[in-house]
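[1] Model the following, please.
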Amino acid sequence: MVSIIGLSSSFPKNKVSQQEITKFGKSIFSKFGKDFDRMLPVYENSGVETRYIVNELEWYGKEHSWKERNLLFKKNAINLLKDSVAKTFYKTKKNPNDIGAIVVVNSTGILTPSLDVELINQFDFNNDIKKLPIFGYGCAGGVLGLTRGLEIKRSIKKSVLVCNVELCSLTFRPQIFSKSNIVSTALFGDGATSYILDDIGNCEVIDCYEYLWKGTTHFMGWNVENDGLGVVFDKIIPEFIFNRLPDILKEYPPDCNSGYILHSGGMKIIQSYEKILNNCKYIKFSRDVLANFGNISSASVILVLKKIIEENKKGNFYMIALGPGFTAGMSKLRIN
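    I've put the predicted structure just below:
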């Protein structure tokens, strides 16, 4: 048996409301004229009420280089991970010597040496610890990071530390007037999560699955620009989920009466889930995470799981997150 224990999170100190973000968006994009007025419903209908970001709002109103953004990513990602991992160790009474492998997932910054190495130095893990840094899973990375961690845990005796950190706000570029860029201001936040995969615990990981729809690489991802990462969203994504996810769930079916733990990717994504899934009584937790934190990419579905555990919900669960590729990550869990 492999279980998730010590699930923790950490967020930047800057908390902003959607009203503040809307006002900020108006100040940045109004120079583009009436076209922006047509985009205001994006903020109003996002489902986001508050979120955390690594800089003061004024910083986002100025242009910045890719170098500056990535240096800020390194500094803040390490600090958030350090805080979250410390909480995980405190909750579990584990220490770095108990960890045989570390998995770190992110899609919003690039480091070499990678974030796992930075954490190893911060906490003085053993020199022979296995390391797996993962970049590019996007929102699916919450489940796919768990998948990779489970594969490693099944091959070693020691515990596995799994971390997700995303600083989505650093990708915003004020000089770019596009629907994708505006959606990113209305939706995304920053944060980190961590947990340990151990032999004993109350949240058992039964199995994990993943599926790639070929020919869909244009749906979601980054365009690498001179001044940073430019977000790519295809408007077809909610419709695609509605039409194609049911077939995948037939191939990798949830257990009978499973509750769903769903990535809080945005209101349209959540609404697509509601249309195709029979047992959505726990979808309120996805809405809550979206409302309180925005979409934190790979960390979001882990925050939904954290909320369900904290609310003492028990039974069989099926966790789903979707991301670039276009890829579905799925996991069967049993919470006792």
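[2] CA only for contacts and neighbour counts going forward, please
    Fine.
[3] For the stretch 1-150 of the chain, give me the ranges with low pLDDT.
    Within the stretch 1-150 of the chain, the stretches falling below the threshold (pLDDT under 70) are 33-35.
[4] and if we set it to 80?
    Low-confidence segments of the stretch 1-150 of the chain (pLDDT under 80): 29-40.
[5] how about the helices in it?
    Along the stretch 1-150 of the chain, the stretches classed as helices by DSSP state H, counting those that start in this stretch are 18-29, 34-37, 40-44, 57-60, 66-92, 115-123, 141-153.
[6] Out of those, indicate the one that is most buried.
    Across these, averaging neighbours per residue (mean count of other Cα atoms under 10 Å) puts helix 141-153 on top, at a mean of 24.
[7] which helices and strands sit right next to that helix?
    With contacts defined as 3 or more Cα pairs under 8 Å, 6 or more residues apart in numbering; DSSP states H and E, the packing partners of helix 141-153 are strand 99-106, strand 159-167, strand 190-198, strand 203-212, helix 298-310, strand 315-323, strand 327-335.
[8] Would you mind putting those into JSON lines with distance to residue 74 alongside?
    Formatted as JSON lines, the entries for the helices and strands packed on helix 141-153 read as follows, by distance: least, Cα to Cα, whole Å:
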{"stretch": "strand 99-106", "distance to residue 74": "11"}
{"stretch": "strand 159-167", "distance to residue 74": "10"}
{"stretch": "strand 190-198", "distance to residue 74": "13"}
{"stretch": "strand 203-212", "distance to residue 74": "29"}
{"stretch": "helix 298-310", "distance to residue 74": "17"}
{"stretch": "strand 315-323", "distance to residue 74": "23"}
{"stretch": "strand 327-335", "distance to residue 74": "27"}
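[9] TSV for those, including mean neighbour count and distance to residue 54?
    Rendered in TSV, the data for those read as follows (neighbours: other Cα atoms under 10 Å; distance: least, Cα to Cα, whole Å):
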stretch	mean neighbour count	distance to residue 54
strand 99-106	24	16
strand 159-167	28	7
strand 190-198	29	7
strand 203-212	18	31
helix 298-310	24	15
strand 315-323	23	23
strand 327-335	22	28
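[10] of all the ones you listed, which lies closest to residue 11?
    strand 190-198 (4.5 Å; Cα to Cα).
[11] Name every strand pairing with that closest one and say which way it goes.
    Using DSSP bridges, strand 190-198 pairs in its sheet with strand 3-10 (antiparallel), strand 159-167 (antiparallel).
[12] Out of these, flag the one nearest residue 220.
    strand 159-167 (16.1 Å).
[13] what separates the closest one from the chain centre, distance-wise?
    The chain centroid and the centroid of strand 159-167 are separated by 10 Å, computed with Cα atoms, centre = their mean, to the nearest Å.
[14] now that strand against strand 99-106, angle please.
    Computed with axes from the mean of the first three to the mean of the last three Cα atoms, to 10 degrees, the direction of strand 159-167 lies at 20 degrees from that of strand 99-106.
[15] If you count contacts, what does the next helix or strand after strand 159-167 end up packed against?
    Heading C-terminal from strand 159-167, the first helix or strand you meet, by DSSP states H and E, is helix 179-187. Under the contact definition 3+ Cα pairs under 8 Å, 6+ apart, helix 179-187 sits against helix 18-29, helix 40-44, strand 228-233.
[16] Tell me which of these lies nearest to residue 97.
    strand 228-233 (36.7 Å).
[17] That closest one: partners in the sheet, and parallel or antiparallel?
    Partner strands and pairing direction for strand 228-233 (DSSP bridges) are strand 220-225 (antiparallel).
[18] Now do the partner strand: everything it contacts.
    Residues lying outside strand 220-225 but in contact with it, judged by Cα atoms under 8 Å, 6 or more residues apart in numbering, are 138, 229, 230, 231, 232, 233, 234, 323, 324, 325, 326.
[19] got it, and stretch 207-216?
    Stretch 207-216 has contacts (Cα under 8 Å, 6+ apart) with 143-144, 146-147, 248, 252, 325-333.
[20] Just flag the most distant two among those residues.
    Using Cα to Cα, the contacts of stretch 207-216 reach their maximum pairwise distance at 325 and 333, which is 24.2 Å.
[21] Tabulate the helices and strands packed on helix 179-187 in JSON lines, adding columns for distance to residue 73.
    JSON lines is the format used below for those (distance: least, Cα to Cα, whole Å):
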{"stretch": "helix 18-29", "distance to residue 73": "21"}
{"stretch": "helix 40-44", "distance to residue 73": "25"}
{"stretch": "strand 228-233", "distance to residue 73": "11"}
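[22] Specify the stretch among these that is closest to residue 299.
    strand 228-233 (17.5 Å).
[23] how big is the angle separating the closest one from helix 179-187?
    Computed by the same axes, to 10 degrees, the angle separating strand 228-233 from helix 179-187 equals 90 degrees.
[24] any idea of the angle strand 228-233 forms with helix 66-92?
    Using the same axes, to 10 degrees, strand 228-233 lies at 70 degrees relative to helix 66-92.
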